[in-house]
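S.K.: Give me the fold of what follows.
(2 chains)
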Amino acid sequence: MSTGSEMEAVPQLVTRLGRAQPAGDNRLSVELAVEHLPAAVEALTKARWGYLSAITGLDRTPGETEGADSGESAPPRRAQFEALYHFCRGATVLTLRVKASGENPTLPSITAVAPGAILQERELAEVFGMHITNLPARGRLLLSEDWPENLFPMRKKNTPEAIRARISEPPPAPLPASSPERPGRFVVPIGPQHPALKEPAHFELEVDGEIVKDVSLRLGYVHRGIEKAAESRSWIHNLYLMERICGICSHIHATAYALGVEQLAGITAPPRAQAIRVLFAEMERIHSHLLWLGVAAHQAGFDTLFMFTWRDRETIMNLLDEVSGNRVNYSVNVLGGVKYDIDDPRADAIRRGVDSLERRIHHYLDIVTADESFLRRTRGVGVFPTEKADVLGVVGPTARASGILRDVRVDAPYSAYRDFPVTPVTDQGCDLAARFVVRIKELFECCRLIRAILGSFPPGELRVDVPRRIPEGEVISRVEAPRGELFYYLRSAGGPMPDRVKVRTPSLANWAYVLSVAVGLKLADIPMVVVGIDPCFSCNDRMFSVHQVGRNAE
Amino acid sequence: MPAQIPRSLRGIVDRIALWSRINSPWLVHFNSGSCNGCDIEILATLAPRYDLERLGVKLWGSPRHADVLVCTGPVTRQSRDRLFRTYEQMPAPKFVVAVGSCGITGGAFHGCYNIVGDIGDIIPVDVYIPGCPPRPEAIIDGVVQLLTKLRASAVVQSPLRMEAKA
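M.R.: Numbering: from 1, shown residues only, chains lettered A, B, ... in the order given. Purely as a prediction, here's the structure:
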């Protein structure tokens, strides 16, 4: 492993600014003073050391139990917060830790040096009540417009009951504020319920004739508050909650969570369980990519392809159903292993299904690379240059179609990917056509992996026992979801429930791309560009939403 | 029903309207906070294998052309108003099908701070289809139950239903 050298490559400036200490395998943690944060981030960006993967807020206010039973009225506890900026490069995760305290904790914005951070900084501001200085943003972001001022749901003192008491029976939410009218400009609102959107979001596209001049995006329609809910449910209970963050990539969410909890508990799932996890993950990738291909074809007006892909997708749905009993939310994972075994007849069924699918996938690759009318919708549309993609920290097929090799299965192999290495697919095209090619070529890789796993299936147990109370600590669990890197931060205080679960989904990292390429395109291309990242709002909104105004074409 | 139709013909016109409604219900889909699981199963139901379209069912984008509102997910605070407005925009008579456990009780998200309730708390629901997510067969069965219910009622619904619980 080259991890040691990755660590050494961390710019000296960063380690000089703060107190650096290793924090487990492949992790380095640097404690910084608030005022040094922008300089440290700038040093990392200038040196092109990895990309900003996630920002995690923590409420570290001492709990009720500590020093509260002294009889006398204890002095009011001063609220303490911590913000963690996770940078990833290869298998290494560098965490910059910054502390802030008081009722109005203040942090400097790092958006000027790391533009991809804006979404996550606004999340911090809204759910933790962090005051982020110089943040180029305004208005409600994640929570609805009628959410009470100064009610920050992720603060520990705001228990679910306390929040419910303050927001009981709201009036219907007012409409999202429109961008201010400017003469000669015309705003096309799309959503939240719209034929081009399978999930709710609200776009306001300011157009000049056919050309989009400005985009503003309001998400949050599917925001449910899962991260808060996770703090009041047991470790086992949460496995099922995490699986329901997203119905399309449910397995990978549960896998990321289970891997994290196992790491905290200091146990490892048996090899057979790990192989089954990866097998399901690859089957899920096939179903997700085919689903995406169909929806994308539908957006391009190519409904025949939509119907064909969805017919063929049923092959993989059947297999998932046959093995797990469920078509969606297969519930394969348990903490410490998996529930279902794959016996020989089922393995044969999977092989047969994958073989027949592979023939169809060749056909789809032909279509997206040779069909002239389809290519007119994709070639040269939504071009996202490599340089820009790198800076904005996009992940998954979106990054790989811009020529950036960013794949957790390759960079930091987890679970059975260590034994069954992945050959990543990249394309230098940078446009929509490249995204089609990358995703379809990945399907071949999925088929190959599934066959490889079934060919040398490790024998043995399916699960090991996991303690009910998870030891104190924090871990980062990164996996490659169909849409890109999925980032879990888990923190245990030693209790029966997690202290913090932070999920950064791939869609969140990829929105930056849509906002940056939409301006200047034709209105009719917008649905295709949006679908190009395969956005998943339910993943995304579990914690997030965006409102970006005032990006003119000039 | 337009007022100029003579009283003697109204029964026949009503029967024709009901017949056509049962044979060709148009759906509009609204996701008010779902995890996507139900939504992809609804789409799968309309795709070639299950092919709900053979029952005359069509998924349509505009609520103003739709007879049936298919809802998924618990209702989040921000989508509450949108769900209500989508329902209001549909012409009467209109029907609501709630797909998935979340639409019935909030499901796995029951108790989350941004959930204001289930579908039935916001608009009247005719058919609930339980499951997490329901299988396409269950969704088809739900639609068939709705159509059966319609046929059995044999009375064109009163526009009074338009007043939702708010």
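
S.K.: Check which element follows the helix or strand where A:Leu291 lies along the chain.
M.R.: Secondary structure assignment for A:Leu291, by DSSP states H and E: helix A:271-299. Counting by DSSP H and E, the next helix or strand C-terminal to helix A:271-299 is helix A:303-324.

S.K.: So what are the sheet partners of the next helix or strand after that next one and their directions?
M.R.: Counting by DSSP H and E, the next helix or strand C-terminal to helix A:303-324 is strand A:333-334. In its sheet, strand A:333-334 lies beside strand A:337-338 (antiparallel), with partners assigned from DSSP bridges.

S.K.: hmm, the very next helix or strand once past the strand it pairs with touching chain B?
M.R.: Remark: after strand A:337-338, the chain's next helix or strand is helix A:344-370, criterion DSSP H and E. No: judged by C-beta under 8 Å from any C-beta of the partner chain, helix A:344-370 makes no contact with chain B; its nearest approach is 13.2 Å. Every residue, glycine included, has its C-beta placed from N, CA and C.

S.K.: buried ones in whatever helix or strand comes next after helix A:344-370?
M.R.: For helix A:344-370, the following helix or strand on the C-terminal side (DSSP H and E) is helix A:372-378. By 16 or more other C-beta atoms under 10 Å in any protein chain shown, the buried positions in helix A:372-378 come out as A:Phe374, A:Leu375, A:Arg377, A:Thr378.

S.K.: Flag the shaky bits of chain B, pLDDT-wise.
M.R.: B:1-3, B:153-166 (pLDDT under 70).

S.K.: residue boundaries of the helices in it?
M.R.: Along chain B, counting by DSSP state H, helices occupy B:7-23, B:37-46, B:80-89, B:101-105, B:119-122, B:136-153.

S.K.: what's the shortest one packed up against?
M.R.: Under the contact criterion of 3 or more C-beta pairs under 8 Å, 6 or more residues apart in numbering or on different chains; DSSP states H and E, the helices and strands touching helix B:119-122 comprise strand B:75-76, helix B:80-89, strand B:95-99, helix B:101-105.

S.K.: winner for burial among these?
M.R.: strand B:75-76 (a mean of 28; mean count of other C-beta atoms under 10 Å in any protein chain shown).

S.K.: Is there contact, residue-wise, from that one to chain A?
M.R.: Yes: using C-beta under 8 Å from any C-beta, we find that strand B:75-76 touches chain A at B:Thr76.

S.K.: Closest one of the buried residues of helix A:372-378 to B:Arg64?
M.R.: A:Arg377 (28.3 Å; C-beta to C-beta).

S.K.: Contacts only, for the closest one.
M.R.: A:Ala300, A:Gly301, A:Leu432, A:Asp525, A:Met528 (C-beta atoms under 8 Å, 6 or more residues apart in numbering or on different chains).

S.K.: Contact partners for the second one?
M.R.: This means A:Gly301. A:Arg377.

S.K.: rerun that using 10 Å as the cut-off
M.R.: Counting by C-beta atoms under 10 Å, 6 or more residues apart in numbering or on different chains, A:Gly301 makes contact with A:Ser373, A:Phe374, A:Arg377, A:Ala524, A:Pro527, A:Met528.
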